[in-house]
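Asks: Got a sequence here, can you build the structure:
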Amino acid sequence: MYLALVPVWGSNVKAGLVSAEAAAAYGDWLGKRYRECNNVIWLNGGDIRGTDSMRVWQALGKALRQADPAKLITFHPFGRTQSSTWFHDAGWLSFHMFQSGHRRYDQDDTALAYGEDNWKYMEADYRRTPVKPSLDGEPSYEGIPQGLHDTLQPYWTDADARRYAYWAAFSGAFGHTYGHNAVMQFHRPGDTPSYGAREYWPEALNAPGARQMHWLKKRMLSSRFATLSPDQSLIAEGAQGERYEHLAALRGKDHALVYTYTGRTLRIVIGKLPGETVRASWFDPAPAACTASAASITTPSNRSTLPEPPPPATIGCWFWRVVEERSRVAKLRGCEVAKLRGRVTWLRGCEVVKKSCEVTWFFAASFSTSRAGQLDLAGGSTPLGGRGASAGQPLPGAYASRPNCARILAIL
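Replies: Have a look, this model is predicted:
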């Protein structure tokens, strides 16, 4: 387990209790004391703007770096600010951190007014040169009031926690921070809760948002994370969306991932991907919230866009769509699926069909396929899975009508 340690909280420094000279001596002592601890990451600052006592933060950061050159160091900024505003060129800083905070769109009174659009902080950091790793160190916590202090306001939910995580990760973040109100304060029986905490921390460890974060890690690592970079040009012009409708896109060498929070129709410029054909699939990795389902379609890659079948515009669960090159590697991938699932119906997926559009769909929970079928749209044949459809109709079984389910789209 890695520990992100804050040497001194920002309010103490802002109150004048720590001088630059004391910070330098303190940083030297801390760095040397924990130099042999390989699981420590330093969080300079402490929920504060870099312009508040700049000399102290610079002295502390330099002392930590000199005493222990191997440790990762960042700066914990105030809500709705980012460390890159003040410390992008600081030699002691290893990676950036921004705090998108806990306010809704209508509650954000800052000049930037990003509101819930945490991806905008990440996008700004990614445009800086040289590019440094960056992450959202404090997005809205699950189970905390919107705006933080007024317990009469609505509370942030697991759907919001997922949205912040995927928006940031699909915009280039190298990690993400998930938080829960009860866990943050270790709320237990007998305590006076802060920020309207309504659960106790042991049970909150298994909150829906907490249990679903591992799907993001699984998705990023399975997509060769180090090769991914944000690329909004994959979204058709005029289709990127505002606020909750925003689409975030990542691309790798031979695949891409696109996320949508609301499950709206997606228009992807698939001509940017390599190969004669591409295969697009979309998934719901939150079976705790919805019945997981998925569908895939193979289409020529020379089309300018790939319109999405019209899904129900509901919010809460995530879908991603994976679009992958399907030329030389199609046989290998298809046969592997057939072998893993042990289903003869998947064997046709090993073939490259050039004169027709081949469609497969399946219903899955936690990525394990439970049913599958195929349909040759051009030939109009009955699919092996036993369901029929004709060209132009929505994919059969691809979207079950279920409440509170949005989509993450991904492309391989």
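Asks: what secondary structure does Ala249 sit in?
Replies: At Ala249 the chain is in strand, as set by DSSP: H, G, I helix; E, B strand; the rest coil.
Asks: That one: how many residues sit nearby?
Replies: 23 (other Cβ atoms under 10 Å). In this view, the C-beta of every residue, glycine as well, is placed from N, C-alpha and C.
Asks: cool, and Lys218?
Replies: Neighbours around Lys218, by other Cβ under 10 Å: 13.
Asks: my hunch is that it is in a helix, does that hold up?
Replies: Yes - assigned with three-state DSSP, Lys218 falls within a helix.
Asks: pLDDT below threshold where in the stretch 151-300 of the chain?
Replies: 275-277, 279-300 (pLDDT under 70).
Asks: My guess is Ser94 contacts Thr74. True?
Replies: Yes - between Ser94 and Thr74 there is a contact under Cβ atoms under 8 Å: 6.3 Å.
Asks: quick one, which of the two is more surrounded?
Replies: Neighbours were counted for Ser94 and for Thr74 using other Cβ under 10 Å; Thr74 has more, 25 against 14.
Asks: So the more buried one: helix, strand or coil?
Replies: Taking three-state DSSP, the label given to Thr74 is strand.
Asks: With adjacent residues omitted, what lies nearest to it?
Replies: Nearest residue to Thr74, sequence neighbours excluded (Cβ to Cβ, 6 or more residues apart in numbering): Met97, at 4.6 Å.
Asks: Just the residues contacting the strand or helix carrying the one you found, thanks.
Replies: Met97 belongs to strand 96-99 when assigned by DSSP states H and E. With contact meaning Cβ atoms under 8 Å, 6 or more residues apart in numbering, strand 96-99 is reached by 43, 47, 74-84, 87-88, 118, 121-122, 125, 132-139.
Asks: Out of these, which end up buried?
Replies: Among the contacts of strand 96-99, the ones that count as buried by 16 or more other Cβ atoms under 10 Å are 43, 47, 74-84, 87, 118, 121-122, 125, 132-139.
Asks: In helices, which of those residues fall?
Replies: Ser84, Phe87, Tyr121, Met122, Asp125 (DSSP state H).
Asks: Please tabulate these in CSV, including the columns pLDDT and distance to Trp156.
Replies: Below are these laid out as CSV (pLDDT from 0 to 100; distance: Cβ to Cβ, whole Å):
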residue, pLDDT, distance to Trp156
Ser84, 97, 25
Phe87, 97, 28
Tyr121, 97, 18
Met122, 96, 19
Asp125, 96, 23
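Asks: what's the farthest-apart pair in those residues?
Replies: Maximum pairwise distance in those, criterion Cβ to Cβ, is 16.5 Å, between Phe87 and Met122.
Asks: about what we covered before: is the residue nearest to Thr74 in a bridge, and if so with what?
Replies: On the basis of DSSP bridges, Met97 is bridged to Leu135.
Asks: burial measure for it, as a count.
Replies: With other Cβ under 10 Å as criterion, Met97 counts 28.
Asks: So for it, what's the pLDDT?
Replies: Met97 carries a pLDDT value of 97.
Asks: And for Asn38, the neighbour number?
Replies: Asn38 has 9 nearby residues by other Cβ under 10 Å.
Asks: quick one on the thing from earlier: just the closest of the ones in helices among the buried ones among the contacts of strand 96-99 to Ala67, please.
Replies: Phe87 (18.3 Å).
Asks: Now for the closest residue to that closest one other than its chain neighbours: which residues touch it?
Replies: Excluding its sequence neighbours, the residue lying closest to Phe87 (Cβ to Cβ, 6+ apart) is Leu93, at 4.9 Å. Residues in contact with Leu93 (Cβ under 8 Å, 6+ apart) are Asn44, Gly61, Ile73, Thr74, Phe75, Ser83, Phe87, Lys132.
Asks: Go ahead and confirm the fifth one touches Ser84.
Replies: No - checked against Cβ under 8 Å, the pair Phe75 and Ser84 is beyond contact range at 9.1 Å.
Asks: Look up phi and psi at Ala182.
Replies: phi -70, psi -40 (degrees, to the nearest 10).
Asks: quick one: the strands in the stretch 201-350 of the chain?
Replies: Assigned by DSSP state E, counting those that start in this stretch, the stretch 201-350 of the chain shows strands spanning 229-230, 247-251, 255-260, 267-268, 277-283, 294-300, 306-307, 319-325.
Asks: Could you please name the strands the second one pairs with and the direction of each pair?
Replies: Strand pairing for strand 247-251, using DSSP bridges, gives strand 229-230 (antiparallel), strand 255-260 (antiparallel).
Asks: Tell me which of those approaches Ala159 most closely.
Replies: That would be strand 255-260 among those, by Cβ to Cβ, at 12.7 Å.
Asks: got the CA positions of the closest one in CSV?
Replies: C-alpha atoms of strand 255-260 as CSV (Å, rounded to 0.1, in the frame of the first residue of the first chain):
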residue,chain,number,x,y,z
HIS,A,255,-7.9,0.8,-30.8
ALA,A,256,-9.8,3.7,-29.0
LEU,A,257,-12.1,4.2,-26.1
VAL,A,258,-15.0,6.7,-25.9
TYR,A,259,-17.1,7.4,-22.8
THR,A,260,-20.6,8.8,-22.5
